[in-house]
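Engineer: build me a model:
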Amino acid sequence: ISQNTLSTTVSGTVTSFTPTEVSTLSVPGAVAVDVAGSFAYVAAGTSGLIVVDVTDRTTPRTRGTLGGLGNAQAVRASGQTAFIADANGFLRIVNAQNPDAPILSASLPIGGSPAALAFHGTMVAVAAQAGGVSLVNVTNPASPSLVASFAVPSPAIGVDFDLQSGTVAVAMGTSGLQLANISNPVLPKLRGILAGGDVRRVLLRLPAALLADAQRSVTSINVTNPDNPVLSSSLPFLLGGVPVDIAAFGNVAITADNTFGRAIPIVNISSPLNPSSVGFWTLPDPGYSSSIAVDISFGYAIIPATGTLRILKYQDITDPFGIPPSISITFPVSGEPLIQRQPITVTTNATDDVAVAQVNFLIDGQLAFTTTGLPAQFSYTVPPTATTLTFGATAVDYGNNVGTAQNVVVPVIPDPLTTAKGRVVTRSGGVPVAAATVTSLGLSASTASDGTFAITGLPTIYGPVVVNAIAVDRKSTRLNFSHLGISY
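Structural biologist: Coordinates of the predicted model:
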């Protein structure tokens, strides 16, 4: 092994591996898929959400189904929470902590017809065709709040974003790619646009935006200057096909393809401005795919014509070195109080000399959750009677070596509650609005003659407090928060 002027010799065996399809599963109505840990989540149109256990990728099995979600067209998953784009005008959030009986946690109205989603951190971006893009705070998945919406020049059919840079990339079909900035999520700003192609989905790998472009094939756009995005490269049609979706893990991307029928392109994106072909996922039976998901070793494709989930093993990982993983719990933090009934995300940092295969989470010494996805995290609600909690975690690599995190011990306190105070005024002119109804987290208050209000007893466990106001003017016109301004 060498790098620049340095080199060393290690023993090992070099083996070749051919990407191989390992299983299929019938999922009637399937249109989209995402994977998190040991579960795949399938959006199945009017049939709702299907939870598939993929602990053994060679024998996937349906665990639970949740209907009544309208028209589920896209899905993103985090731990055991699934975010669903309902084309009937909603973001649906599903709790699948019991995979045999998933439940609807929340439904948030979204303007337009949701077609695609992106999820990072505590935010979901919803591409809603003529409704543009909506940004939703999901710090508490049971109580999502609309942060902002913004219009784009043509229907938004795909979206991705990067929280650190504030970059948003919006796929607009034959109208191309629109960039925006959400450094201040409350006030999104449109940036540059790159016309051309037929952009169905977009994947940000800065400094590139990787496009599933049905006209130009897999295409890389340099977005270093977001006001002037530049086409960097496109794969030849015979290597990249006609992609309609793209997903990646590490340096490997796989597309959903609508041209080859029996082959799905696999792409190296280690140099995101110049992606290259790795090979193909060969399908035993012909079928165009509509959606793709990828984890460390497997790809998951939906064939909508037959309602089939297909699973590919695209790389084989072995670990003969005997070095255990390193793992630490990054949240919660020892000694820092949690609040009874508080929904939290337990997060870890797990690394290995080869790769981490699995992370186990423990609460008070008992196994609470296992995941194969990285970064390893899981959603947890602090018990209502807890006074102290001990969080633990272990990481297992592909050689079955185990690393153990230092336990995190935290006190648990009752919710101290808080008060939201402010003033409601008209957006045009800043005139105080009296007798407006101001609501937040299920509580409400009316404004005084000078527009001021105070809502007491608000829980602190759901993150930032969002306040909405509704008033009726002298012409009996109902004014909602889009016409009113709230200052704190």
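
Engineer: going by C-alpha atoms from here, please, whenever you check contacts or count neighbours.
Structural biologist: Fine.

Engineer: what residue ranges in this structure score low on pLDDT?
Structural biologist: For the chain, applying pLDDT under 70 flags the ranges 1-17, 473-488.

Engineer: what helix or strand is the residue nearest the centre of it on?
Structural biologist: Centroid-nearest residue in the chain, with C-alpha atoms, centre = their mean: residue 119, separated by 2.5 Å. Assessed by DSSP states H and E, residue 119 sits inside strand 116-120.

Engineer: and the helix or strand that that strand is followed by, what does it pack against?
Structural biologist: The helix or strand immediately downstream of strand 116-120 is strand 123-127, counting by DSSP H and E. Applying 3 or more C-alpha pairs under 8 Å, 6 or more residues apart in numbering; DSSP states H and E, one finds that strand 123-127 contacts strand 116-120, strand 133-137, strand 158-162.

Engineer: give me the residues contacting strand 123-127.
Structural biologist: Residues outside strand 123-127 that contact it (C-alpha atoms under 8 Å, 6 or more residues apart in numbering) are 85, 91, 114-119, 133-139, 156-161, 170.

Engineer: possible to save the helices and strands packed on strand 123-127 as JSON lines with distance to residue 246?
Structural biologist: Converted to JSON lines, these look like this (distance: least, C-alpha to C-alpha, whole Å):
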{"stretch": "strand 116-120", "distance to residue 246": "12"}
{"stretch": "strand 133-137", "distance to residue 246": "19"}
{"stretch": "strand 158-162", "distance to residue 246": "11"}
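
Engineer: just say which of the ones you listed is most tucked in.
Structural biologist: Among these, ranked by average contacts under mean count of other C-alpha atoms under 10 Å, first place goes to strand 158-162 (a mean of 26).

Engineer: hey, what's the angle from that one to strand 123-127? Just curious.
Structural biologist: Per axes from the mean of the first three to the mean of the last three C-alpha atoms, to 10 degrees, the angle that strand 158-162 makes with strand 123-127 is 150 degrees.

Engineer: between strand 158-162 and strand 133-137, how many degrees?
Structural biologist: Here the directions of strand 158-162 and strand 133-137 differ by 50 degrees (the same axes, to 10 degrees).

Engineer: elements contacting strand 158-162?
Structural biologist: Using 3+ C-alpha pairs under 8 Å, 6+ apart, strand 158-162 is in contact with strand 116-120, strand 123-127, strand 167-171, strand 199-205.

Engineer: past the third one, which element shows up next along the chain?
Structural biologist: With elements assigned by DSSP H and E, the helix or strand that comes after strand 167-171 is strand 177-181.

Engineer: adjacent strands (with direction) for that next one?
Structural biologist: Here strand 177-181 is paired, per DSSP bridges, with strand 167-171 (antiparallel), strand 189-194 (antiparallel).

Engineer: that one: which residues count as buried?
Structural biologist: 177, 178, 179, 180, 181 (16 or more other C-alpha atoms under 10 Å).

Engineer: count the neighbours of residue 431 for me.
Structural biologist: 14 (other C-alpha atoms under 10 Å).

Engineer: now it: phi and psi?
Structural biologist: Backbone torsions for residue 431, taken as degrees, to the nearest 10, come to phi -80, psi 130.

Engineer: what's near enough to touch it?
Structural biologist: Taking C-alpha under 8 Å, 6+ apart as the test, what residue 431 contacts is residue 425.

Engineer: need the helices for the stretch 201-350 of the chain, in chain order.
Structural biologist: For the stretch 201-350 of the chain, helices defined by DSSP state H, counting those that start in this stretch occupy the ranges 237-240.

Engineer: residue 166 reaches residue 187, doesn't it?
Structural biologist: No. Residue 166 is beyond contact range of residue 187, at 11.4 Å (criterion: C-alpha atoms under 8 Å).

Engineer: related to what we said a few turns ago, possible to save the helices and strands packed on strand 158-162 as JSON lines with distance to residue 301?
Structural biologist: JSON lines is the format used below for the helices and strands packed on strand 158-162 (distance: least, C-alpha to C-alpha, whole Å):
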{"stretch": "strand 116-120", "distance to residue 301": "16"}
{"stretch": "strand 123-127", "distance to residue 301": "21"}
{"stretch": "strand 167-171", "distance to residue 301": "21"}
{"stretch": "strand 199-205", "distance to residue 301": "15"}
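
Engineer: among the ones you listed, which is nearest residue 437?
Structural biologist: Closest of those to residue 437 is strand 123-127, at 27.2 Å (criterion: C-alpha to C-alpha).

Engineer: give the pairing partners of that closest one; include direction for each.
Structural biologist: Sheet partners assigned to strand 123-127 using DSSP bridges are listed as strand 116-120 (antiparallel), strand 133-137 (antiparallel).

Engineer: in contact with residue 272: list those residues for me.
Structural biologist: Taking C-alpha under 8 Å, 6+ apart, we find residue 272 in contact with 205, 206, 207, 208, 210, 220.

Engineer: measure it to residue 203 for me?
Structural biologist: Here residue 272 is placed at a distance of 10 Å from residue 203 (C-alpha to C-alpha, to the nearest Å).

Engineer: what does residue 401 give?
Structural biologist: Noted for residue 401: a distance of 34 Å to residue 203, by C-alpha to C-alpha.

Engineer: mind checking which of those two has more residues around it?
Structural biologist: residue 203 (25 against 18).

Engineer: name the nearest residue to residue 312, sequence neighbours excluded.
Structural biologist: Once flanking residues are discounted, residue 312 sits nearest to residue 21: 4.1 Å by C-alpha to C-alpha, 6 or more residues apart in numbering.

Engineer: actually, residue 436.
Structural biologist: The shortest distance from residue 436 to any residue other than its chain neighbours is 4.4 Å, reached at residue 471 (C-alpha to C-alpha, 6+ apart).

Engineer: surely the one you found is in a strand?
Structural biologist: Yes. Counting by DSSP: H, G, I helix; E, B strand; the rest coil, residue 471 is found in a strand.

Engineer: wait, it sits on residue 446?
Structural biologist: No. Counting by C-alpha under 8 Å, residue 446 is not a contact partner of residue 471; they are 9.6 Å apart.

Engineer: just the endpoints, please. Distance across stretch 310-326?
Structural biologist: Start and end residues of stretch 310-326 are separated by 33 Å (C-alpha to C-alpha).

Engineer: which of the residues in it are buried?
Structural biologist: 310, 311, 312, 313, 314, 315, 319, 323, 324, 325, 326.

Engineer: how about stretch 185-204?
Structural biologist: For stretch 185-204, the neighbour count (16+ other C-alpha under 10 Å) marks 185, 188-195, 197-204 as buried.

Engineer: do the same with stretch 458-465
Structural biologist: For stretch 458-465, a neighbour-count test (16+ other C-alpha under 10 Å) marks 458, 459, 461, 462 as buried.

Engineer: those into TSV, with extra columns for secondary structure and distance to residue 228?
Structural biologist: Listed next are those as TSV, based on DSSP: H, G, I helix; E, B strand; the rest coil; distance: C-alpha to C-alpha, whole Å:
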residue	secondary structure	distance to residue 228
458	strand	45
459	coil	44
461	coil	41
462	coil	38
